[in-house]
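Engineer: Fold the stuff below for me.
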Amino acid sequence: MSEPVPSITSAPEPLAVDQARRTRSYLIQMSIRVVCIIGAVVVDGWLRWALVAAAVVLPYSAVLIANSGRDHVTHDTSPVTPQPAPALTELPDVAAPAPGAPAPGAAGDGPDSPGVPTAPGAGRVIDHVDD
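Structural biologist: Below you'll find the predicted structure:
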């Protein structure tokens, strides 16, 4: 099954166009800041303080606006339905020794002795010590 091909209308704008738009926005805001600084020197009264405040705030907003771009990533936030655990298979029953019979591993037990598993590796005890 093939993946869907994105249409040209849903393609993002080219990187060069995005950088040019962000650069132009930053330069316009910094030009406004220069005008505010020059205006704060020329005028007097409350307008001076408004221009100084604008000159102080504009660099912060210009950087935020210039750096916001091309980071529009969407994530799948649909809920996840957990899958049920697979059913466990039962282990085969190992024949227990008959009552009164010697325990497996006792002297005289051979592969033909009753109560001793005959499958390869069955009945072996491995001593394991973690260091």
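Engineer: From the contact counts, what lies against the longest helix anywhere in the chain?
Structural biologist: Counting residues, the longest helix found in the chain (DSSP state H) is helix 15-42. When contacts are defined as 3 or more C-beta pairs under 8 Å, 6 or more residues apart in numbering; DSSP states H and E, helix 15-42 sits against helix 46-67. Glycine gets a C-beta too; all of them are placed from N, C-alpha and C.
Engineer: coming back round to it: the longest helix of the chain to helix 46-67, inter-axis angle?
Structural biologist: Helix 15-42 and helix 46-67 meet at an angle of 170 degrees, taking axes from the mean of the first three to the mean of the last three C-alpha atoms, to 10 degrees as the criterion.
Engineer: In helix 15-42, which residues are buried?
Structural biologist: R22, Y26, Q29, R33, C36, I37, G39, A40 (16 or more other C-beta atoms under 10 Å).
Engineer: where does the nearest residue to L58 once chain neighbours are set aside land on pLDDT?
Structural biologist: Among residues not flanking L58 along the chain, R33 sits closest, at 4.3 Å (C-beta to C-beta, 6 or more residues apart in numbering). We have a pLDDT of 95 for R33.
Engineer: any idea how far R33 is from Q83?
Structural biologist: 57 Å (C-beta to C-beta, to the nearest Å).
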